[in-house]
Every structure is written in C-alpha cells, then in structure tokens.
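In: I would like to see how this sequence folds:
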Amino acid sequence: MAAFVVILYNIRQSKLKNTTYPLIERKGVSATSAEWQGTKITAQRLIDNLKYNPKDTKSAIALSSLYIQEARITGNYVYYDAAAMKCINGILDASPDNFEALTLKALLYMSQHHFAEGLTIAEKAQRINPYNSLIYGLLVDGNVEMGNYKLAVENSDKMDSIRPDIRSYSRISYLREIYGDYRGAIEAMKLALSAGGAGDEPTEWTRIQLARLYENT
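Out: Coordinates of the predicted model:
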C-alpha cells in the first residue's frame with residue numbers, strides 16, 4: 001500500500017512538472033489588438049523552445065515575465081502566477097542563485113501579499129547583484145509593507161540613482177504620500193507618467209495612481 005501511494009505521488013508530481021500553460025484568450029477590445037496577437041506569438045515560441053529544451057533558462061525567464069505581465073493586464077493572477085512560478089522554480093531547482101529567477105520569485109510573492117517571504121528572497125538577490133534597479137524596487141515594496149519605512153526610503157534612493165524611470169518615480173511618489181507630502185507625491189507621479197511608454201499597462205496604472213492622488217487632495 002505504501003509503495004502504491006509513493007507511485008501515485010510521483011505520477012502526480014510528474015504531471016505537474018510537465019504541465020504547460022498556454023495563454024488564455026482575452027475578451028473585449030484587447031482581444032483584437034495587435035499587441036495581443038504579438039504576445040500570443042511570442043508566448044507560443046517560448047513554450048515551444050522549452051518543450052524542445054527544458055533547460056533553456058533564457059526562454060523560461062522571458063516566459064515567466066510574460067505570464068506576470070499578462071496577469072496584470074487580465075487580472076487572472078491565479079492562473080498566470082502558477083504558470084510563472086512553475087517556470088521560475090524549474091530554473092531555481094537547477095540554479096538556486098539565478099538572479100533573474102530570484103527577482104521574479106520575489107515579485108510574485110509580493111504580488112500575492114507574502115511580503116516577508118518576498119523580502120527575504122529580494123535580499124538574497126540583492127546580495128548576488130547589488131547593481132540592479134528593479135531589485136531595490138522590490139526591497140522598497142517589501143520594507144514598506146513590513147513597516148520599515150526608513151529602509152524603504154534608502155532603497156528608493158538607491159533605485160533612483162541607478163535608473164530613474166517609471167518604476168523608481170512611482171515608488172518615490174508612494175513614499176512621499178506615506179510621509180504626507182502630497183504635492184511631492186503628485187510631482188513624482190507626473191515624472192513616472194512621462195517616463196512610461198504610451199498605452200503600456202504600467203503607464204496606464206501610473207495614470208490611475210496620479211488620478212487617485214488628485215482625487216485625495
């Protein structure tokens with residue numbers, strides 16, 4: 001009986017490991033956009049690359065990032081977070097110190113509100129590569145949620161010094177808002193909006209945050 005249970009467990013694990021996650025068709029206006037058609041082509045190419053070579057880390061990272069972005073666009077976090085995490089864990093099983101995979105895993109944990117776990121992973125990634133701006137953004141996010149505001153500000157300054165862009169400006173704005181500097185928060189969010197690509201999801205998310213700041217003031 002015990003042997004049967006072990007065999008059944010191994011079968012289930014094998015099925016989970018071999019699970020593929022095709023993109024789910026969008027609905028509404030975005031389903032007819034050129035961006036969506038291009039995204040589908042890219043995703044299928046990456047999936048095919050991984051079927052041919054499961055050790056293709058570059059394709060796995062790119063596909064994970066695509067899944068994470070698609071979750072933000074569609075709101076289907078349950079499906080796409082699982083898809084991204086499968087790719088990421090596959091990379092980390094073979095290479096536990098892969099910086100890009102650790103960064104994406106920290107990002108996923110943060111999006112799922114597992115802030116302590118995400119912060120621990122982000123800190124590990126930062127030790128591996130202390131010159132990447134995105135990892136400091138995740139340190140900002142994690143420290144804010146854990147109430148470590150002084151560390152959040154320090155990491156925000158470091159992020160901005162490495163790469164002032166939509167991600168760093170939006171975090172500066174949020175920190176200023178926390179400290180009650182609403183005028184400064186609006187100024188920073190304006191900079192974030194101007195730094196974004198026209199029509200991109202992060203840009204339109206930033207536009208909504210700026211509108212919220214105006215509404216609140």
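
In: residues in contact with stretch 142-153?
Out: With CB atoms under 8 Å, 6 or more residues apart in numbering as the test, stretch 142-153 has contacts from 106, 110, 113, 115-116, 118-119, 122, 139-140, 155, 174-175, 178-179. Every residue, glycine included, has its C-beta placed from N, CA and C.

In: Just confirm Thr217 contacts Tyr182, I think it does.
Out: Yes - the criterion here is CB atoms under 8 Å, and Thr217 meets it with Tyr182 at 4.9 Å.

In: okay, the two: which has more neighbours?
Out: Using other CB atoms under 10 Å, the more surrounded residue of Thr217 and Tyr182 is Tyr182, with 15 against 10.

In: Need the pLDDT of the more buried one.
Out: Predicted confidence (pLDDT) for Tyr182: 97.

In: my read: it touches Asn216, true?
Out: Yes - using CB under 8 Å, Tyr182 is in contact with Asn216, at 7.3 Å.

In: all helices for this protein, in order.
Out: 2-17, 34-52, 57-74, 77-94, 99-111, 115-128, 133-145, 149-162, 166-178, 182-195, 201-216 (DSSP state H).

In: Pick out the residue nearest the middle of this protein.
Out: Centroid check for the chain by CA atoms, centre = their mean gives Leu107 as the closest residue, at 4.3 Å.

In: nearest residue to it other than its sequence neighbours?
Out: Leu138 (6.2 Å; CB to CB, 6 or more residues apart in numbering).

In: The one you found: neighbour count?
Out: 26.

In: and if you look at the one 4 residues further on?
Out: Applying other CB under 10 Å, we find 26 residues neighbouring Gly142.
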